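>>> here is my input, please return the structure:
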Amino acid sequence: MIADAMLPARYRVDAIRRELTGVFTLALVPVDGGDALTFAPGQYNMLYQFGVGEVPISLSGDPACPRPLVHTIRAVGTVTNALQHLASGHMVGLRGPFGTHWPAEAAQGADLVIMAGGIGLAPLRPLIYQVLANRKRYGAVCIFYGARTPDEILYRDELEQWRSRFDLTVEVTVDRAGPDWLGRVGVVTRLLAAKGFSPPDTIACLCGPEIMMRYAVLALRDQGVGPERIYVSLERNMQCGLGFCGHCQFGASFVCRDGPVFRFDGIAKRFDIREI
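Purely as a prediction, here's the structure:
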């Protein structure tokens, strides 16, 4: 079983989409034509670029339609820079899925706040898809998204589609904007002031830069959302996916094995320690 988990399966690039400068989406299908790989929102795969190396990437497609497997990636290192130069028909190795997932089942019957910063919207998109497919099972659903500039808004078309629905609250803000931007300007945590949800009955899911999540947790707790109802995705320093190499050790936890999605009350004492 361990050998299988360490052995990449061959996948073919079915399509590649340029999302933003330095951000792209790979759609992958198994070379052997086997069954689609099922996953839960929040999980990730290890993608292997032959001759270059391996990198953990969150799944960003619809869990109900896992063929092809969709990964939105920011080119920030050797492996991801190599992946962005792939084209349809090229091969990659894939291991997974690994990790914990967003509490889609536990959130049923509750209000749901989904807060993302930058490319942090990608790991949350599978959760949004699952919630929308089962919309009647949830209370109020609020999607709060922040980007640095209007040109860096990820999945802009989908955000507009979600925003047009009457059963969702969708707010987008940017840190900096020119005169052509007519939307909100400011940090994403300010969007919580609009509320539209009942804090004691809310489950919150956060993904983005850790500084954003720190302030988001404080803002949510100030409004009455308990730490046991807040979930964060850390996605830091993962390299093997199985907790063997130790690079992602986070106190008593390994992010690749025990995360990347953590319930905040379980990591609160460690979350603000910068040295970990």
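>>> which of the helices or strands spans the residue nearest to L154 when sequence neighbours are not counted?
Excluding the flanking residues, the one nearest L154 by Cβ to Cβ, 6 or more residues apart in numbering is L121, at 5.0 Å. Quick note: C-beta positions are derived from backbone N, CA and C, even for glycine. Here L121 sits within helix 121-133, counting by DSSP states H and E.
>>> next, the angle from whichever helix or strand comes after that helix to helix 121-133.
Sequence-wise, the next helix or strand downstream of helix 121-133 (DSSP H and E) is strand 141-147. Relative orientation of strand 141-147 and helix 121-133, computed by axes from the mean of the first three to the mean of the last three Cα atoms, to 10 degrees: 160 degrees.
>>> now strand 141-147: how far from the chain's centre is it?
Computed by Cα atoms, centre = their mean, to the nearest Å, the chain-centroid distance of strand 141-147 equals 13 Å.
>>> report all helices and strands that it contacts.
Packing contacts for strand 141-147, counted by 3 or more Cβ pairs under 8 Å, 6 or more residues apart in numbering; DSSP states H and E, involve strand 111-117, helix 121-133, helix 156-163, strand 169-174.
>>> let's see that with 6 Å instead.
Contact partners of strand 141-147 among helices and strands, from 3 or more Cβ pairs under 6 Å, 6 or more residues apart in numbering; DSSP states H and E: strand 111-117, strand 169-174.
>>> so what are the sheet partners of it and their directions?
Strand 141-147 has the following strand partners under DSSP bridges: strand 111-117 (parallel), strand 169-174 (parallel).
>>> contacts for it next, please.
112-118, 121, 153, 168-174, 188, 191, 196-197 (Cβ atoms under 6 Å, 6 or more residues apart in numbering).
>>> going through those residues, which ones are buried?
Taking 16 or more other Cβ atoms under 10 Å as the criterion, what is buried in these is 112-118, 121, 153, 168-174, 188, 191, 197.
>>> how far away is A27 from C256?
From A27 across to C256, the span is 24 Å (Cβ to Cβ, to the nearest Å).
>>> please identify which of those two sits among more neighbours.
C256 (29 against 18; other Cβ atoms under 10 Å).
>>> is the spatially closest residue to P126 that is not a sequence neighbour in a helix, a strand, or coil?
Distances taken as Cβ to Cβ, 6+ apart place P41 nearest to P126, at 3.6 Å, with adjacent residues excluded. Of the three states, P41 takes coil under DSSP: H, G, I helix; E, B strand; the rest coil.
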